[in-house]
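K.L.:
Build the 3D model from these lines:
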Amino acid sequence: MTIYEELQARGLIAQVTDEEEIKELINNGKATFYIGFDPTADSLHVGHFMALMLMRRLQKAGNRPIALIGGGTGMVGDPSGRTDMRSMMTVETIQHNCDCFKKQMSKFIDFSEGKALMLNNADWLMNLNYIELLREVGACFSVNNMLRAECYKQRMEKGLSFLEFNYMIMQSYDFYHMFQTVGCNLQCGGDDQWSNMLGGTELIRRKLGKDAYAMTITLLLTSEGKKMGKTQAGAVWLDPEKTSPYDFYQYWRNVDDADVLKCLRMLTDLPLEQIDEMDKWEGAQLNQAKEILAFELTKLVHSEEEARKAQDAARALFSQGGDRSNMPTTALAAGDLTDGAVGVLDLMLKCGLVPSKKEARRLIEQGGVELDGVKVTDVAASVTAEQLSGEGVTIKKGKKVFHRAVLN
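P.N.:
Residues are numbered from 1 along each chain as shown. As a prediction, this is how the structure comes out:
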């Protein structure tokens, strides 16, 4: 099976500009391809997982990946998939986020000499002269075509700023620049980037008379059509300081039955033959498939040791209600308490179990919160310093989320 056939079998490929040429490139290790990452946070999240795994698979097949950090485009903001305008970031914030990205990406991509590149488009976009840019590429873009692009259409009702309108031109210029400077001949990205990617291939064709290619990957969606990687407490991050290995494991352990095989195909390195066998699994066997998914992905992101700890902790909690040694834990300081206690709403917020006290209140009112096995019925309840000392208290949110809080 060729790498292209494997990508198809795993359900990863959404759209391509020229299938035969792209097959020729990636099957023979001739692709120098890039995927862009906007540095809007100091950690990558589950939404980036598909891109990282694609880069990893293509690199193993002999192709050269370019991780393009959007230090320049991040100053503008991508309107794709959004109904509102992104907040503006400082240069210092963007640089910090770029540094964090490379550390995380190195777990998936080999950046040793000649194997891969990490570039920042601020290096060329920030030095562009506006009049020169207009003269060089402005005539290559049709405003009529741009307004028909899905990424712009969905913003037209609320208002599309001229700042964001330039995003497609900037992303296209990235491809054009890297085609000439580092031999980049293929752009990959999420299916919501299709219009921007076509802009790049067209710019190269019109300015240089040469062919470049684009391939989009399937967005990671649930069976209900929602983007995966979101919880009530926010995004599922790859940084263990933002989402613990245990919580990361639990996220995948709790995916819907309808999504588990799709995630195994798209995101893990398990052989397709092994996954195809799981198609026959039902009932309790599906829980085993979810354990396999959670273990494999936690191992990829955090290490096999952390995956084993998370698996052991989850099994102990659900089968025995006992071992808390590997449970996600938040250590509180004396300053977090008032008169020797902390309200349960504040406690849940400090532990990152909810995005707001309003959400914590809603969960308690619906009977979805327990402290040390006792259901919380009073939103004004509090936890004392004595309770938090020693082993601390265990907070259970819903049926499957456990967290420990202790006092330092």
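K.L.:
From what I see, residue 246 and residue 316 are in contact.
P.N.:
No: Residue 246 lies out of contact with residue 316 (C-beta atoms under 8 Å); the separation is 11.4 Å. To be clear about C-beta, it is placed using only N, CA and C from the backbone, and glycine gets the same treatment.
K.L.:
per-residue confidence at residue 212?
P.N.:
Turning to residue 212, the model gives it a pLDDT of 97.
K.L.:
and what of residue 156?
P.N.:
Looking at residue 156, the pLDDT reads 69.
K.L.:
going forward can the numbers begin at 643, since that is how I track them
P.N.:
Sure thing, new numbering starts at 643, so read that last one as residue 798.
K.L.:
And residue 888 and residue 958? Which one has more around it.
P.N.:
The neighbour comparison of residue 888 against residue 958 (other C-beta atoms under 10 Å) goes to residue 888, with 25 against 16.
K.L.:
what packs against the helix or strand hosting the more buried one?
P.N.:
For residue 888, the host element (DSSP states H and E) is helix 887-895. Taking 3 or more C-beta pairs under 8 Å, 6 or more residues apart in numbering; DSSP states H and E as contact, the helices and strands that helix 887-895 lies on are helix 926-944, helix 946-961.
K.L.:
got a list of contacts for that helix?
P.N.:
Residues outside helix 887-895 that contact it (C-beta atoms under 8 Å, 6 or more residues apart in numbering): 688, 873, 878, 880, 882, 885, 905, 932-933, 935-937, 939-940, 943-944, 948-949, 951-953, 955-956, 968-970, 1042-1043.
K.L.:
so where is this structure shaky, pLDDT-wise?
P.N.:
For the chain, residues meeting the criterion pLDDT under 70 lie at 718-730, 792-799, 801, 872-875, 960-968.
K.L.:
Just the buried residues from the contacts of helix 887-895, in ChimeraX please.
P.N.:
Those of the contacts of helix 887-895 that count as buried under 16 or more other C-beta atoms under 10 Å are selected in ChimeraX with:
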select :688,873,878,880,882,885,905,932,933,935,936,937,939,940,943,944,948,949,951,952,953,955,956,968,969,970,1043
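K.L.:
CA-only coordinates of the helix holding residue 888 in PDB, if you can.
P.N.:
The C-alpha trace of helix 887-895 is given here as PDB (Å, rounded to 0.1, in the frame of the first residue of the first chain):
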ATOM      1  CA  PRO A 887      -2.000  13.400  30.700                       C
ATOM      2  CA  TYR A 888      -4.900  11.800  32.800                       C
ATOM      3  CA  ASP A 889      -7.500  14.300  31.500                       C
ATOM      4  CA  PHE A 890      -6.100  13.900  28.000                       C
ATOM      5  CA  TYR A 891      -6.400  10.100  28.300                       C
ATOM      6  CA  GLN A 892      -9.900  10.500  29.700                       C
ATOM      7  CA  TYR A 893     -11.000  12.700  26.800                       C
ATOM      8  CA  TRP A 894     -10.300  10.000  24.300                       C
ATOM      9  CA  ARG A 895     -11.500   7.200  26.600                       C
END
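K.L.:
Give me the buried positions along that helix.
P.N.:
887, 888, 889, 890, 891, 892, 893, 894, 895.
K.L.:
do stretch 830-842 as well
P.N.:
For stretch 830-842, by 16+ other C-beta under 10 Å, it's 830, 831, 832, 834, 835, 836, 837, 838, 839, 840, 841, 842.
K.L.:
residues near the residue lying closest to the third one once chain neighbours are set aside, how many?
P.N.:
Right, the one you point to is residue 832. Excluding the flanking residues, the one nearest residue 832 by C-beta to C-beta, 6 or more residues apart in numbering is residue 861, at 5.5 Å. For residue 861, the count of nearby residues is 16 (other C-beta under 10 Å).
K.L.:
With residue 680 instead?
P.N.:
Using other C-beta under 10 Å, residue 680 has 20 other residues around it.
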